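Undergrad: What follows is a predicted structure for the sequence shown.
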Amino acid sequence: MPIGGEEVASALRTGKLDAAFFVISPRAPIVREILAIPGARLLNIERAPAYALQHHFLTVLTLPEGAMDLRANLPRRQIALLAPAATLVVSEQFHPALAELLLTLARQIHGEPGLFEQAGDFPSPKFLDFPISDAAKRFFNSGPPLLQRYLPFWAADLIDRLKIIPLPLITLVYPLFKLVPPTYDWRMRSRINR
């Protein structure tokens, strides 16, 4: 059934559903709510390592006994789970500056450690099924752009765009500077001659 959230919890409570699959944080409120339903339990995936070998985007996770709730001892035994890799995907037309901003925000929001993930595990260039953009490569190799570390996004992007302007200006102004000394000499000579 293509349902989620509270609908799943009520369907499990009333017996309309026998099982539900979630791609969600184990600390999400809906998980705790469903585990509180009498008779509901987490499914231990016996062949989890085999699935992970067949599909490189899956990772085997072990949920220790009591990890969800120490007082209620949930789960009551160690559970093997499968976790898919979360992937951020944008089209080729997506602006590189916005891609870097998206990665910066994802790192700020999801960078903290969790029940299964270490600090900084998301976003990551691992387990990708899509080619990684140049902006994302730069981000993962050297972090956010220097200007975005110290300035608001709009100011950093404006300066980044304006850095192209000096090159044409220099090509126009340089010949004018070459004219200044001969013009100065000519003016001085004309004054002397007068």
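TA: Nice, I can see it.

Undergrad: For the rest of this, base every contact and every neighbour count on C-alpha atoms.
TA: OK.

Undergrad: so where's the protein shaky on pLDDT?
TA: 120-121 (pLDDT under 70).

Undergrad: Which helix in it has the most residues?
TA: In the chain, assigned by DSSP state H, the helix with the most residues is helix 166-193.

Undergrad: and it, which residues are buried?
TA: For helix 166-193, the neighbour count (16 or more other Cα atoms under 10 Å) marks no residue as buried.

Undergrad: that's a strand at Leu82, yeah?
TA: Yes: counting by DSSP: H, G, I helix; E, B strand; the rest coil, one finds Leu82 located in a strand.

Undergrad: Number of residues surrounding the residue nearest to it when sequence neighbours are not counted?
TA: Spatial nearest neighbour of Leu82, chain neighbours left out: Val60 (4.8 Å); criterion: Cα to Cα, 6 or more residues apart in numbering. Val60 is flanked by 18 other residues according to other Cα atoms under 10 Å.

Undergrad: for Val60, what are its contacts?
TA: Listed by Cα atoms under 8 Å, 6 or more residues apart in numbering, the contact partners of Val60 are Ala48, Pro49, Ala52, Ala80, Leu81, Leu82, Ala83.

Undergrad: for those, which one is nearest Pro175?
TA: Nearest to Pro175 out of the contacts of Val60 is Ala83 (Cα to Cα; 63.2 Å).

Undergrad: three-state assignment of the residue nearest to Leu82?
TA: The three-state label given to Val60 by three-state DSSP is strand.

Undergrad: Going forward, count from 59.
TA: Sure thing, new numbering starts at 59, so read that last one as Val118.

Undergrad: Please report the distance of it from Leu186.
TA: 17 Å (Cα to Cα, to the nearest Å).

Undergrad: go on, Arg252?
TA: Counting by Cα to Cα, the separation of Arg252 from Leu186 is 79 Å.

Undergrad: which one of the two has more residues nearby?
TA: Here Arg252 and Leu186 are compared on neighbour count by other Cα under 10 Å; more neighbours surround Leu186, at 15 against 6.

Undergrad: Alright, I will stop here.
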